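In: Everything below, folded, please.
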Amino acid sequence: MSEREVVVLGVRHHGPGCARSVVRALDRIAPDIVLVEGPPDAAEVLPLIGHAQMTPPVALLVYAPDRPKDAAFYPFTDFSPEWQGLRWAMEHDIPTRFIDLPVGVGLKERQATGATDGQEEAPSHQPLDPIGELAHAAGYDDPEEWWDQQVERRADDTDLFAAVLHAMAAVRAARPDSESSHRRREERREAHMRRAIRLAHRDGHGRIAVICGAWHAPVLTWEAVSSRGQAGADAATLKGLRSAKVVSTWVPWTNTRLAFRSGYGAGVTSPGWYRLLWEHPAHATQRWLVLTATLLRSKGMDVSSASVIEAVRLAEALASLRGLPRPGLGELREATTTVMLGGYDDALALVRDALEVGDRLGGVPDETPTVPLQQDFEATARRLRLKLEVEPRVLALDLRKPSMRERSHLLWRARTLGVPWGEPQRETSSSRQGTFWEHWQIRWEPDFAVALIEANALGNTVATASMAALAERASDVEELAGLIDLLDAAILADLPEARGALLAQLSQRAALSPDVHRLVAALPPLARIARYGDVRGTASHEVLPILQGLLTRVFLGLVPASSGLDDSAAGDLADGLSEIQRILTLLDRAGDEEDWTTVLAALSANEGVAARVRGTAVRIRLDRRELSEEDLRGLVGRALNLAAEPADAAAWLEGFLRGSGLALLHKDAFWGAFDAWLRTLVPEVFDDLLPSLRRGFAAFSPRERRKVAERVAALRIAADGSVVATPRLSSSRAPLVAEREALVLPVLGLLLGVAIQEASADV
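Out: Prediction:
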């Protein structure tokens with residue numbers, strides 16, 4: 001390299017072959033400054049790259065402090081060429097600079113146009129895929145395979161960057177002229193990078209190394225930068241650009257987010273494989289197949305050491321036949337399928353997720369700039385020994401223990417802040433079920449850092465920010481059920497001040513609400529709070545007065561609110577009746593039971609009440625053992641008489657049949673009326689009602705349906721509509737002994753609910 005020269009190293013982001021070639025090139029040319037395609041806004045945190053605690057993968061996060069969702073990520077990992085170039089410069093005490101267009105410029109434009117808030121990763125690709133174009137010209141269908149063979153597995157990187165520069169120049173020259181927002185942004189980025197190169201030259205740096213995306217390499221050479229009139233053209237391109245105020249920091253990143261399938265434009269298909277190529281280039285084949293065998297064995301598959309050796313030989317043989325210097329992922333997949341999986345590739349998806357991509361989470365130094373809320377969150381997580389891990393982990397928390405209850409509070413508070421770090425789970429193990437146990441699956445995602453930064457405007461600690469978040473949401477909630485959900489969240493997160501404010505708001509809103517249907521929908525979550533609040537040390541007496549007030553208003557208004565309903569509203573209200581019954585069973589309050597009995601009686605007897613609601617009320621009364629056989633026969637007869645509309649009768653049946661089928665097994669009053677009603681239906685009407693009837697009986701389990709069918713088959717309907725049992729015996733039965741028959745028949749009659757004389761006569 002001469003004393004006044006610029007060398008452009010065009011790379012592919014996150015390519016281990018490129019990264020290795022960059023280090024060799026820097027050793028060879030010994031520049032006195034290294035310029036890297038990256039956000040100049042992050043200059044203050046750039047020195048942290050050399051910190052011992054910095055563990056890739058990580059990402060630069062640049063965001064607007066007043067609108068944190070306006071953010072851009074710039075991911076790096078240890079096999080990223082830019083990362084290796086920056087590390088090389090710091091190890092050799094060489095100055096470095098980011099030279100891309102500032103992130104603040106793009107954010108300012110978005111704010112000016114009123115674009116929707118959102119996070120975006122650093123723009124690093126263009127609609128025209130240059131690697132795809134070159135691969136197609138070389139006769140390859142897969143651009144990844146072409147690049148992997150030509151660059152990543154290249155044994156000799158001599159003149160690699162010169163070849164990349166010429167190849168990209170050819171692709172750029174062949175692309176069609178077009179005018180688009182992407183093209184204009186690309187021109188501004190390249191103008192800014194050229195200006196940064198000229199600035200480095202004016203600052204006295206003669207040996208300049210530029211590390212940039214391969215696409216930009218042809219327009220960043222010294223010939224392009226110093227050509228006549230280029231400085232003026234670049235100034236005109238950048239004229240008038242303004243930048244928003246931004247803040248930058250480092251956040252941990254994951255292998256999954258480096259992969260193409262995460263939506264990251266500059267991602268790679270197999271970051272796990274690329275890491276192995278970076279760390280063990282000479283023995284990548286052997287190590288990969290050993291890792292594959294270990295993974296398959298952990299899943300219960302039989303893979304011997306001999307299979308590993310044979311797979312290595314097959315992969316190397318395939319590479320040799322194809323003229324490749326070493327096996328790639330294609331050869332390794334074929335060898336794995338053939339030797340380890342017996343020709344079946346079903347388990348390759350497992351290898352893909354666990355090895356080709358992998359779950360690796362980076363780390364950043366303690367000195368990394370963070371907002372106060374993030375500091376408090378991370379400090380609390382450390383105190384409670386909850387690690388921010390990308391690998392999913394299951395937690396079983398016994399809420400009777402203070403430390404575990406604190407963990408639960410942190411997880412619930414995080415969810416109120418828009419950080420779903422933990423997902424509540426249902427536990428099937430009987431030893432850890434019950435109200436004192438809580439089960440979670442926790443998994444950390446890089447995006448959660450942005451959510452914490454955004455929530456910092458609500459408060460500097462997790463507790464204060466969570467309370468402010470609930471208060472903010474409560475002001476926008478119109479439904480009582482939504483307000484109760486927020487109250488539930490305040491209790492779960494142990495936020496007493498928020499709980500008190502929500503209780504006051506709920507009490508006021510409930511007293512003014514005229515809509516009985518909304519009051520019914522609000523009852524179940526409020527009852528759950530009243531029933532299980534004490535598990536968390538929350539006095540249920542705060543909730544019970546509100547619940548009692550709601551129940552009283554529901555009981556008074558339920559009958560008038562049950563008429564004139566469409567099918568959907570009637571179904572919702574019928575579900576509400578069942579919920580009220582469940583609530584009263586849980587709370588066990590005698591006074592409410594008496595009022596509820598009165599309401600149910602009015603609902604079941606009032607012809608103006610929606611048919612499905614009436615049917616549900618009758619069924620609840622039956623399950624509560626409030627109906628005699630005669631009462632049931634009368635209610636069923638009125639609902640299924642000839643004068644009733646068939647559609648109303650079917651709706652009544654839908655409500656009545658909800659619940660256990662076995663409870664109806666011996667209710668002859670119902671089966672007789674039901675049979676008589678069915679006989680009156682003409683075929684056309686029966687066909688129309690069949691879907692509704694099926695829905696009613698579909699709630700029964702298969703065993704219940706079988707028992708009901710057997711019971712109905714054993715019934716005989718008399719001319720007056722009464723039901724007569726007709727026990728059926730096999731024609732091949734042995735003769736009955738009179739003495740024994742006399743002993744058995746009374747017992748059978750008692751069990752079947754049939755008079756002894758009738759049973760004896762039938763037999």
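In: Measure how buried P65 is and give me the count.
Out: Applying other Cβ atoms under 10 Å, we find 14 residues neighbouring P65. Bear in mind the C-beta positions are built from the backbone N, C-alpha and C, glycine included.
In: Looks like it contacts T249 (just checking).
Out: No. Counting by Cβ atoms under 8 Å, T249 is not a contact partner of P65; they are 11.0 Å apart.
In: got the buried residues for the helix or strand harbouring I583?
Out: Using DSSP states H and E, I583 maps to helix 567-587. Residues 569-571, 573-578, 580-581, 583-584, 587 are the ones in helix 567-587 that count as buried (16 or more other Cβ atoms under 10 Å).
In: between the residues you listed, which is nearest L458?
Out: I583 (34.2 Å; Cβ to Cβ).
In: circling back: now find how far off-centre the helix holding I583 is within its chain.
Out: Distance of helix 567-587 from its chain centroid, counting by Cα atoms, centre = their mean, to the nearest Å, is 30 Å.
In: other SSEs contacting whatever helix or strand comes next after it?
Out: Using DSSP H and E, the helix or strand that follows helix 567-587 in sequence is helix 590-605. If you count contacts as 3 or more Cβ pairs under 8 Å, 6 or more residues apart in numbering; DSSP states H and E, helix 590-605 packs onto helix 544-557, helix 567-587, helix 611-623.
In: same for the longest one, what does it pack against?
Out: Going back to what we said before, that points to helix 567-587. Partner elements for helix 567-587 (3+ Cβ pairs under 8 Å, 6+ apart): helix 516-532, helix 544-557, helix 590-605, helix 611-623, helix 646-656.
In: tell me the angle that helix makes with helix 544-557.
Out: 130 degrees (axes from the mean of the first three to the mean of the last three Cα atoms, to 10 degrees).
In: The last one now?
Out: In this structure, helix 611-623 runs at an angle of 120 degrees to helix 544-557, with the same axes, to 10 degrees as the basis.
In: buried ones in helix 611-623?
Out: For helix 611-623, by 16+ other Cβ under 10 Å, it's 611-622.
In: Include distance to V543 and pLDDT when you put those into TSV, please.
Out: Converted to TSV, those look like this (distance: Cβ to Cβ, whole Å; pLDDT from 0 to 100):
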residue	distance to V543	pLDDT
A611	35	88
R612	31	88
V613	27	90
R614	31	90
G615	32	88
T616	27	89
A617	27	90
V618	31	88
R619	29	88
I620	24	89
R621	28	89
L622	31	86
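In: pLDDT on stretch 70-86, on average?
Out: For stretch 70-86, mean pLDDT is 91.
In: Put the alpha carbons of that stretch into PDB.
Out: Output of stretch 70-86 as PDB, limited to C-alpha atoms (Å, rounded to 0.1, in the frame of the first residue of the first chain):
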ATOM      1  CA  ASP A  70     -37.900   4.500  16.200                       C
ATOM      2  CA  ALA A  71     -34.800   2.300  16.300                       C
ATOM      3  CA  ALA A  72     -32.300   0.500  14.100                       C
ATOM      4  CA  PHE A  73     -30.200  -2.600  15.000                       C
ATOM      5  CA  TYR A  74     -26.700  -3.300  13.600                       C
ATOM      6  CA  PRO A  75     -25.900  -6.900  14.500                       C
ATOM      7  CA  PHE A  76     -22.400  -8.300  14.700                       C
ATOM      8  CA  THR A  77     -20.900 -11.600  15.600                       C
ATOM      9  CA  ASP A  78     -17.400 -12.800  15.900                       C
ATOM     10  CA  PHE A  79     -17.300 -14.000  12.300                       C
ATOM     11  CA  SER A  80     -18.600 -10.700  11.000                       C
ATOM     12  CA  PRO A  81     -15.900  -9.100   8.800                       C
ATOM     13  CA  GLU A  82     -16.700  -5.600  10.200                       C
ATOM     14  CA  TRP A  83     -16.300  -6.900  13.700                       C
ATOM     15  CA  GLN A  84     -13.000  -8.500  13.000                       C
ATOM     16  CA  GLY A  85     -11.800  -5.300  11.300                       C
ATOM     17  CA  LEU A  86     -12.800  -3.200  14.300                       C
END
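In: Could you point out which residue ranges in the stretch 601-750 of the chain have low pLDDT?
Out: 642, 712-736, 747-750 (pLDDT under 70).
In: Can you show me the helices along it?
Out: Taking DSSP state H, counting those that start in this stretch as the criterion, the stretch 601-750 of the chain contains helices spanning 611-623, 629-639, 646-656, 668-680, 683-698, 702-713, 738-752.
In: what's the angle from the helix holding I583 to helix 516-532?
Out: 30 degrees.
In: residues contacting E391?
Out: E391 makes contact with 359, 361, 443, according to Cβ atoms under 8 Å, 6 or more residues apart in numbering.
In: Please report phi then psi for the first one.
Out: Here the main-chain torsion angles of D359 (degrees, to the nearest 10) amount to phi -120, psi 90.
In: Can you tell me the number of residues neighbouring it?
Out: So D359, with other Cβ under 10 Å, has 15 neighbours.
In: do the last one as well
Out: By the other Cβ under 10 Å criterion, the neighbourhood of R443 contains 18 residues.
In: Enumerate every residue touching the residue lying closest to R393 once chain neighbours are set aside.
Out: Among residues not flanking R393 along the chain, I442 sits closest, at 5.5 Å (Cβ to Cβ, 6 or more residues apart in numbering). Going by Cβ under 8 Å, 6+ apart, I442 touches 386, 389, 392-393, 395, 411, 421-423.
In: Distance check, I442 against D494.
Out: Separation of I442 from D494 (Cβ to Cβ, to the nearest Å): 18 Å.
In: for N460, what are its contacts?
Out: Contacts of N460 by Cβ under 8 Å, 6+ apart are 372-373, 376.
In: how about the strands in the chain?
Out: Along the chain, the segments classed as strands by DSSP state E run 5-11, 33-36, 58-64, 67-76, 96-98, 119-121, 207-213, 247-252, 393-398, 422-425, 437-442, 715-717, 723-725.
In: among the ones you listed, which is nearest A43?
Out: Proximity to A43 (Cβ to Cβ) singles out strand 96-98 among those, at 6.5 Å.
In: ok now that closest one, how far from the chain's centre?
Out: With Cα atoms, centre = their mean, you get 38 Å for strand 96-98.
In: strand partners of it, parallel vs antiparallel please.
Out: With DSSP bridges as the test, strand 96-98 is paired with strand 33-36 (parallel).
In: which sections of the stretch 451-600 of the chain are below the confidence cut-off?
Out: Within the stretch 451-600 of the chain, the segments meeting pLDDT under 70 span 511-514, 531-541, 588-590.
In: Apologies, that question was intended for the stretch 101-250 of the chain.
Out: 114-127, 153-157, 178-179.
In: any chance you could map the helices in the stretch 51-200 of the chain?
Out: Using DSSP H, counting those that start in this stretch, helices in the stretch 51-200 of the chain cover 81-91, 103-113, 130-137, 143-147, 160-174, 181-202.
In: likewise the stretch 301-450 of the chain?
Out: Under the criterion DSSP H, counting those that start in this stretch, helices of the stretch 301-450 of the chain are mapped to 305-321, 329-335, 348-351, 372-383, 402-416, 447-455.
In: Please render those helices as JSON lines that adds distance to L220 and mean neighbour count to the earlier fields.
Out: Shown next, in JSON lines, are the helices of the stretch 301-450 of the chain (distance: least, Cβ to Cβ, whole Å; neighbours: other Cβ atoms under 10 Å):
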{"stretch": "helix 305-321", "distance to L220": "35", "mean neighbour count": "16"}
{"stretch": "helix 329-335", "distance to L220": "32", "mean neighbour count": "21"}
{"stretch": "helix 348-351", "distance to L220": "39", "mean neighbour count": "16"}
{"stretch": "helix 372-383", "distance to L220": "37", "mean neighbour count": "17"}
{"stretch": "helix 402-416", "distance to L220": "44", "mean neighbour count": "20"}
{"stretch": "helix 447-455", "distance to L220": "31", "mean neighbour count": "22"}
